[in-house]
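1. Just to be clear, the model below is a prediction. Sequence and coordinates:
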Amino acid sequence: MEKLAIAIDGPAGAGKSTISKLVANRINLNYIDTGAMYRAITYKVINNGIEFDDKVEIIKLLNSTSIDFNHNHIYLDGKNVDKEIRENKISKNVSYIAKIKEVREKMVEIQRKIASNKSVIMDGRDIGTHVLPKADFKFYINASVEERGRRRYEELKEKNFDTTLEKIIEEIKNRDRIDSTREISPLRKSEDAFEIDTTNLTIDQVVDKIIKTIEKRRE
Ligand code: DC
């Protein structure tokens, strides 16, 4: 099979990562979760007690940081941080770190390098517009903010987090606002992306839609 690049973009909680993982398994691609990379550096910033607006210290930290994937697991300076980066304090603050130019440049460089030598399905906010503008397929996955909040709330409730649906919806709105209004590669749908609204669809329906679109064009 020839090398394939699939870009999946969309706002927080639209289902990008669940869907991308399933598509990756079905058609044998490497799944790259770029949000996990921004989360990993945010985790390190917090652990080092650095303020989110202290760009000088953040850039210094970035220069002595390694971020890597191995079999879908994320490694920060050689340590697996899959669990730590999903904590709510990371979700709430990651957008402040992800808008820093130098942070984005380093992450994009790693992402392009990964995609240069294997078939990938990569999810994020700027994959179709900036990281892989020549991707073979681009999808923009969306859902209403209420539905995205509800999904995230269910997820957190299962982990026994003490929060409310209203609070989660507010956090998601805030994240969407920062992600889509930032100066450098903001969240937006690439003109040539297929848009899928998942508000009233099951995960399997979305996965089928994506696979059908890919198969149709490759016949
Ligand atoms: O997909 P996620 O929720 O794990 O992403 C976490 C944050 O990282 C998100 O709020 C915005 C940022 N992000 C980004 O700016 N660019 C990407 N390609 C992926 C994520």
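-> Happy to help now that I have it.

2. Helices along this protein, start to end?
-> Counting by DSSP state H, one finds helices in the chain at the ranges 16-27, 34-47, 55-63, 88-98, 101-116, 145-158, 165-181, 203-218.

3. quick one: buried residues of the first one?
-> Taking 16 or more other C-beta atoms under 10 Å as the basis for neighbour counts, the residues of helix 16-27 that come out buried are 16-24, 27. Placement of C-beta: from N, CA and C, glycine included.

4. Could you export the residues you listed as CSV, including distance to the ligand?
-> Shown next, in CSV, are those (distance: C-beta to the nearest ligand atom, whole Å):
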residue, distance to the ligand
K16, 6
S17, 7
T18, 11
I19, 12
S20, 10
K21, 13
L22, 16
V23, 16
A24, 15
I27, 21
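
5. N72: which of the residues you listed is nearest?
-> K21 (7.5 Å; C-beta to C-beta).

6. Can you tell me, leaving aside adjacent residues, what's nearest to that closest one?
-> If you skip the residues right next to it in sequence, K21 has Y31 as its closest partner in space, 5.3 Å away by C-beta to C-beta, 6 or more residues apart in numbering.

7. From the ligand, how far out is the one you found?
-> When C-beta to the nearest ligand atom, to the nearest Å is applied, the distance between Y31 and the ligand equals 13 Å.

8. What of E158?
-> If you go by C-beta to the nearest ligand atom, the gap between E158 and the ligand works out to 17 Å.

9. Model confidence score at R188, please.
-> Here, the pLDDT recorded for R188 equals 93.

10. Now do the contacts for it.
-> Remark: with contacts taken as C-beta atoms under 8 Å, 6 or more residues apart in numbering, R188 is in contact with 129, 180.

11. So it versus the ligand, what's the distance?
-> Distance of R188 to the ligand, computed by C-beta to the nearest ligand atom: 12 Å.

12. and what of K101?
-> 12 Å.

13. Who are the contact partners of that residue?
-> Here K101 is in contact with 183-184 (C-beta under 8 Å, 6+ apart).

14. same thing but 10 Å
-> The contact partners of K101, by C-beta atoms under 10 Å, 6 or more residues apart in numbering, come to 55, 59, 182-185.

15. Can you say which of those are buried?
-> For the contacts of K101, buried by 16+ other C-beta under 10 Å: 182, 185.

16. From the contacts of K101, pick the one nearest I127.
-> Among those, S185 lies closest to I127 (C-beta to C-beta), at 9.7 Å.

17. you'd agree the closest one is up against H130?
-> Yes: with the criterion set as C-beta atoms under 10 Å, S185 and H130 qualify as a contacting pair; they are 4.3 Å apart.

18. Identify the contacts common to these two.
-> In contact with both S185 and H130: 104, 108, 124, using C-beta under 10 Å, 6+ apart.

19. Could you list which of the residues you listed also contact the ligand?
-> Among the shared contacts of S185 and H130, the ones lying near the ligand by C-beta under 6 Å from any ligand atom are G124.

20. Out of the shared contacts of S185 and H130, which is nearest to the ligand?
-> Within these, proximity to the ligand (C-beta to the nearest ligand atom) peaks at G124, which comes in at 2.4 Å.
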